[in-house]
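Student: curious how this folds, go ahead:
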Amino acid sequence: MLQMLSTRILLGGKVRRITTYLLPLLFTLLALPAMAQRYVSIADTVSYEVHFRWDRSKLDTMYMGNNHVFDAMAQQIDSLGKSRIDSIVIVSQSSPEGPYYYNQNLSHRRAAAMRRYMEGRHPDIRERLTIEPDGESWLQLRAYVLKDTHLEQADKERIVNLIDDDSIAISLKKRRLSRDEQYRYLYKTYYPKIRNSRIQIVYHHLFEYPSPVGTQPVRFPALGVPPTSIEPMPVSTKRTFVRDTLVIAAKTNLLYDAVTALNFELELPIGEHWSVAVEDVFPWWESDNKYCFQMWEMGIEGRYWFRQNTHYVDKLRGHFLGAYVMSSKFDFQNDYDICYQGEYWSTGLTYGYSMKLTHHLNMEFSISVGWLSSAYRHYYPADDYSLLWRDRGDSGRVGYFGPTKLKVALVWPIRIQYKNRRAVR
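Tutor: Numbers count the residues shown, from 1 in each chain. Presented below is the predicted three-dimensional model:
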């Protein structure tokens, strides 16, 4: 009897100890689903703006506080880490001034510059970067105008109506805006702000939300979708037309001009890489049968430009390789020393480089190498220079291979606008 009682007491103690340890564990397991519902992964977005100088795509850390933006952005990315970053979108814009297609290209270059910086500073997030060049920032200018506290309501309505008018060409819209009485204020106050790249970092984190067991779970935005409180970049949906610009380059070779050899050249770009140039050299003067410098040379050259000249301000700039053919007739006399008439033709290759000199002028440097074949006839003047005598014993043809032309040319790109029928969104 005593043994049975001892066994019951022993078993009761073990049961109590088991119950003491197992019950909390059981309640913990049962409560896990309810606890799990209290932590939800949601998406969030943080935005930064980096500004660019006028007509520049190079990052300038000392411009408009960009250095502080770069530091804050790098600190934010480093603190989040790769695992929490869903995506990074770079939206680049340009101010609505100048040629439309040039601004499109400028926004591309700004987006590419920001991407190179982000990839160099944070190489582990390279595959999560996306660039969206947005061209001219009309809608951002519109938003600034509406929020402005300096402009009168009539000024705001007039400017906004002009921005919203999609029945006129963009070039005409810019001209009308530039003549507005408030344009100088807009240009000084808001144009520097909208020459920017906006970097939007989409990341996720755990959000604690009390949700009792058995209640309907709370729905949060899906990962990768920014919350509605973040203002998205404006996207234009209007259709309009723009004006393209045809470029014809007028040139003169300064080396020829220096020796009084008047010359003129026209070059027309064809497509994105090709051009055709036509050259005429026409010095035509003589002095008392003693001195003569007469030459009429015509030539044509096809060129391939290594740079993709999509926008008119880029056309006929950079390095090029050409093939030429030319012919000429001449009469050169320097007293008794040089007295020759004749004709020649030449063909060969040209290499050159054209660069921007001023806002309206370029400078071109080139050298041509090829074959030149010339027929010549010698003559000599009389003692009193009253007559020129043909020397029938001194005539023939000569050939030459080597440098044939050297050019340092002043270039004036003539810009001719024409209406482009293609609609632009």
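Student: please tell me how far residue 285 sits from residue 378.
Tutor: Noted for residue 285: a distance of 21 Å to residue 378, by Cβ to Cβ, to the nearest Å. (Glycine included, C-beta is placed from N, CA and C.)
Student: more neighbours, the two?
Tutor: Using other Cβ atoms under 10 Å as the criterion, residue 285 and residue 378 rank with residue 378 on top: 17 against 10.
Student: now the more buried one. Nearest residue, chain neighbours left out?
Tutor: residue 394 (3.6 Å; Cβ to Cβ, 6 or more residues apart in numbering).
Student: first-to-last residue distance for stretch 145-154?
Tutor: Distance across stretch 145-154, first residue to last, is 12 Å (Cα to Cα, to the nearest Å).
Student: mind listing what's buried in it?
Tutor: Judged by neighbour count using 16 or more other Cβ atoms under 10 Å, the buried positions of stretch 145-154 are 145, 148, 151.
Student: kindly export the helix or strand residue 113 falls within (C-alpha atoms) in CSV.
Tutor: For residue 113, the enclosing helix or strand under DSSP states H and E is helix 100-121. Extracted in CSV, the C-alpha atoms of helix 100-121 (Å, rounded to 0.1, in the frame of the first residue of the first chain):
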residue,chain,number,x,y,z
TYR,A,100,13.5,69.2,-78.9
TYR,A,101,15.6,66.3,-80.2
TYR,A,102,18.7,67.7,-78.6
ASN,A,103,17.0,67.8,-75.2
GLN,A,104,15.9,64.2,-75.7
ASN,A,105,19.5,63.3,-76.2
LEU,A,106,20.6,65.4,-73.3
SER,A,107,18.3,63.6,-70.9
HIS,A,108,19.7,60.3,-72.2
ARG,A,109,23.2,61.5,-71.5
ARG,A,110,22.3,62.7,-68.0
ALA,A,111,20.6,59.4,-67.2
ALA,A,112,23.6,57.5,-68.4
ALA,A,113,25.9,59.6,-66.3
MET,A,114,23.9,58.9,-63.2
ARG,A,115,23.8,55.2,-64.0
ARG,A,116,27.6,55.1,-64.3
TYR,A,117,28.0,56.8,-61.0
MET,A,118,25.5,54.4,-59.3
GLU,A,119,27.2,51.4,-60.8
GLY,A,120,30.7,52.6,-59.7
ARG,A,121,29.6,53.6,-56.2
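Student: list the buried residues in that helix.
Tutor: Using 16+ other Cβ under 10 Å as the test for burial, helix 100-121 gives 100-111, 113-115, 117-118.
Student: and it, what does it pack against?
Tutor: Judged by 3 or more Cβ pairs under 8 Å, 6 or more residues apart in numbering; DSSP states H and E, the packing partners of helix 100-121 are strand 85-94, strand 129-136, strand 196-208, strand 240-253.
Student: residue 96: what secondary structure?
Tutor: coil (DSSP: H, G, I helix; E, B strand; the rest coil).
Student: find me the pLDDT at residue 69, would you?
Tutor: Per-residue pLDDT puts residue 69 at 89.
Student: check contacts around it.
Tutor: Contact analysis of residue 69 by Cβ atoms under 8 Å, 6 or more residues apart in numbering lists 48-50.
Student: let's see that with 10 Å instead.
Tutor: When contacts are counted by Cβ atoms under 10 Å, 6 or more residues apart in numbering, residue 69 touches 48-51, 61, 199.
Student: buried residues in the helix or strand where it lies?
Tutor: Assigned by DSSP H and E, residue 69 falls within helix 66-80. Neighbour counts over helix 66-80 (16+ other Cβ under 10 Å) mark 66, 69-70, 73, 77, 80 as buried.
Student: can I get those in TSV including distance to residue 414?
Tutor: Converted to TSV, the buried residues of helix 66-80 look like this (distance: Cβ to Cβ, whole Å):
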residue	distance to residue 414
66	38
69	41
70	42
73	44
77	48
80	53
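Student: what's the closest of the residues you listed to residue 258?
Tutor: Using Cβ to Cβ, residue 66 is the member of the buried residues of helix 66-80 that lies nearest residue 258, at 46.6 Å.
Student: and the residue nearest to residue 57 when sequence neighbours are not counted, what is it in contact with?
Tutor: Excluding the flanking residues, the one nearest residue 57 by Cβ to Cβ, 6+ apart is residue 109, at 3.6 Å. By Cβ under 10 Å, 6+ apart, residue 109 lies in contact with 52, 56-58, 92, 94, 133.
Student: which pair of those spans the longest distance?
Tutor: The two members of the contacts of residue 109 with the most space between them (Cβ to Cβ) are 58 and 133, at 16.1 Å.
Student: what's the helix or strand residue 355 falls within packed up against?
Tutor: Element membership for residue 355 (DSSP H and E) is strand 338-356. Packing partners of strand 338-356 (3 or more Cβ pairs under 10 Å, 6 or more residues apart in numbering; DSSP states H and E): strand 291-305, strand 318-334, strand 362-381, strand 388-424.
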